[in-house]
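In: return atomic coordinates for the entry below.
(chains A and B)
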Number of protein chains: 2
Amino acid sequence: MQVNFLLFPAVTLLDLTGPYEVLARAPGVHVDLVAASMAPVRSDRGLTLLPTVTMAQARSCDLLVVPGGPGADDALLDPQWVEFTARQGAQARYIFGICTGSLLLGAAGLLRGRRAASHWLARELLAEFGATPDDSRLCVDGNVFTSGGVTSGIDMAIQVIASLFDEDTARQIQLQIEYDPAPPFSGGTPGTSPAHIVQRCREAAGARLAIRAEAVAQAARALRERS
Amino acid sequence: MQVNFLLFPAVTLLDLTGPYEVLARAPGVHVDLVAASMAPVRSDRGLTLLPTVTMAQARSCDLLVVPGGPGADDALLDPQWVEFTARQGAQARYIFGICTGSLLLGAAGLLRGRRAASHWLARELLAEFGATPDDSRLCVDGNVFTSGGVTSGIDMAIQVIASLFDEDTARQIQLQIEYDPAPPFSGGTPGTSPAHIVQRCREAAGARLAIRAEAVAQAARALRERS
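Out: So this is what the prediction gives:
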């Protein structure tokens, strides 16, 4: 089974590495990290990863995985990434978007008429690509798996393994990575976090939200013009 | 605040990147990935990371973070890694071991008389380094934070932020990464997973367990000889 992760600059590290850790443990899986070139790619907080193939070299895949992060907003406006995502997504058996990676799936025309999840600060934007925003942590619509922000990709990757392999394989990986999560605090969603924490997150994200909204509007226009 | 992560070959990716995602989001934190050289480092399932400094260049740190994985078993027997860990650990304000990274802390003499956690398939080995194995997911003893397998590092990193900064900072990061985990299956510990899943994990890990036990025995002898 061929799994292709998109690897663009300023990806959110854990959007990619959480699902990678789960998916790469399944039997017979070959994972590639697909980038624009073979140059190292810096993630949003600085940690730098090496691609394994370029877009030009990438094999078609059974599962296309699209992480999010600030760099996804740039990728929305980059015809090379949008076209690659559309082409690979059209032939993949399954598609998996994490966090704001769902927006790139949307910009590639892959979410029209689908329910889809994204980071809580971004999910309403999915409507601009013809998707129905879903506020659940894990959203499955046909062959499209989408998850909420960052860490939800770990939960969904376990679901993907259960769907593409079987429940025992998923449970074995879950035990290998000792995934019986116990966050020291409740919260982790805008509905369950204290109001002043939600406010702090919104304020810290302010500039990013404006950039993202403009990128989505522009990408949605481009999608309509292509259709 | 200076945070140094050890980055050795065949590290388990998520042991490192889960805590990185949390810790790097705290205000004023500078994270380095410390390796033997500046060459790219391949993690255990193939994804390759770039170090930011060598052991020779590394600054002293406030928080030393030691991930686990098969490569930790090799590091236990490598005087360069053991001495570096001992030296940095002795001057750090806080120490944080994830998964079998705790074994390297033990080999460096940093866990004598301490309670400490590790991956469920490794934790009993901590006794050879004079530690008291703790079967909780998150174990705090003085300035030493240790966690169970792989994903427990995410939970503990949030606790570390709450301890070194404050609870609001931890909660803000938790909401940014939407950490309200909802694994699709219960389980994730040997006590809560079906017996045949535990058995499959033990069988899959068989060769690794033998290698690790021998490495720990040898590292424990070396520690006693140095003391």
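
In: just the strands in chain A please.
Out: A:2-6, A:30-35, A:41-42, A:48-49, A:53-54, A:63-66, A:94-98, A:115-116, A:132-133, A:138-141, A:144-147 (DSSP state E).

In: which strands or helices does the third one pack on?
Out: So that's strand A:41-42. Packing contacts for strand A:41-42, counted by 3 or more C-beta pairs under 8 Å, 6 or more residues apart in numbering or on different chains; DSSP states H and E, involve strand A:48-49. The way it works is simple: take the backbone N, C-alpha and C, and place the C-beta from them, glycine included.

In: cool, the last one as well?
Out: Contacts of strand A:144-147 with other secondary structure elements, assessed using 3+ C-beta pairs under 8 Å, 6+ apart, are made with strand A:94-98, helix A:101-107, strand A:138-141, helix A:152-164.

In: grab the nearest non-local neighbour of the residue sitting furthest away from the middle of chain A.
Out: Distance from the centre of chain A peaks at residue A:196, with 27.4 Å (C-alpha atoms, centre = their mean). Spatial nearest neighbour of residue A:196, excluding adjacent residues (C-beta to C-beta, 6 or more residues apart in numbering or on different chains): residue B:168 at 7.6 Å.

In: the one you found touches residue A:200, doesn't it?
Out: Yes. Between residue B:168 and residue A:200 there is a contact under C-beta atoms under 8 Å: 7.4 Å.

In: more neighbours: which of those two?
Out: The residue with more neighbours, out of residue B:168 and residue A:200, is residue A:200; 18 against 14, by other C-beta atoms under 10 Å in any protein chain shown.

In: tell me who's in contact with the spatially closest residue to that one that is not a sequence neighbour.
Out: Spatial nearest neighbour of residue A:200, excluding adjacent residues (C-beta to C-beta, 6+ apart): residue B:172 at 5.1 Å. Contacts for residue B:172 (C-beta atoms under 8 Å, 6 or more residues apart in numbering or on different chains) come out as A:197, A:200, A:201, A:204.

In: for the most centrally placed residue in chain A, name its beta-bridge partners.
Out: The centroid of chain A falls nearest to residue A:98 when counting by C-alpha atoms, centre = their mean (2.4 Å). For residue A:98, the beta-bridge partners under DSSP bridges are residue A:147.

In: what residues does it make contact with?
Out: Contact partners of residue A:98, counting by C-beta under 8 Å, 6+ apart, are A:15-16, A:18-19, A:65-68, A:146-147, A:150, A:152-153, A:156.

In: hmm, 10 Å instead?
Out: Counting by C-beta atoms under 10 Å, 6 or more residues apart in numbering or on different chains, residue A:98 makes contact with A:5, A:11-12, A:14-16, A:18-19, A:65-69, A:72, A:117-119, A:145-154, A:156-157.

In: what's the local residue count around the closest residue to residue A:120 other than its chain neighbours?
Out: The shortest distance from residue A:120 to any non-neighbouring residue, by C-beta to C-beta, 6+ apart, is to residue A:190 (5.3 Å). The local packing of residue A:190 (other C-beta under 10 Å) involves 17 other residues.

In: is residue A:190 in contact with residue A:205, as I believe?
Out: No. Under the criterion of C-beta atoms under 10 Å, residue A:190 makes no contact with residue A:205, lying 11.8 Å away.

In: anything in contact with each of those two?
Out: Shared contacts of residue A:190 and residue A:205 (C-beta under 10 Å, 6+ apart): residue A:121.

In: so how far is the longest helix anywhere in chain A off the chain centroid?
Out: When chain A is parsed with DSSP state H, its longest helix is helix A:206-226. Centroid separation for helix A:206-226 versus its chain: 17 Å, with C-alpha atoms, centre = their mean, to the nearest Å.
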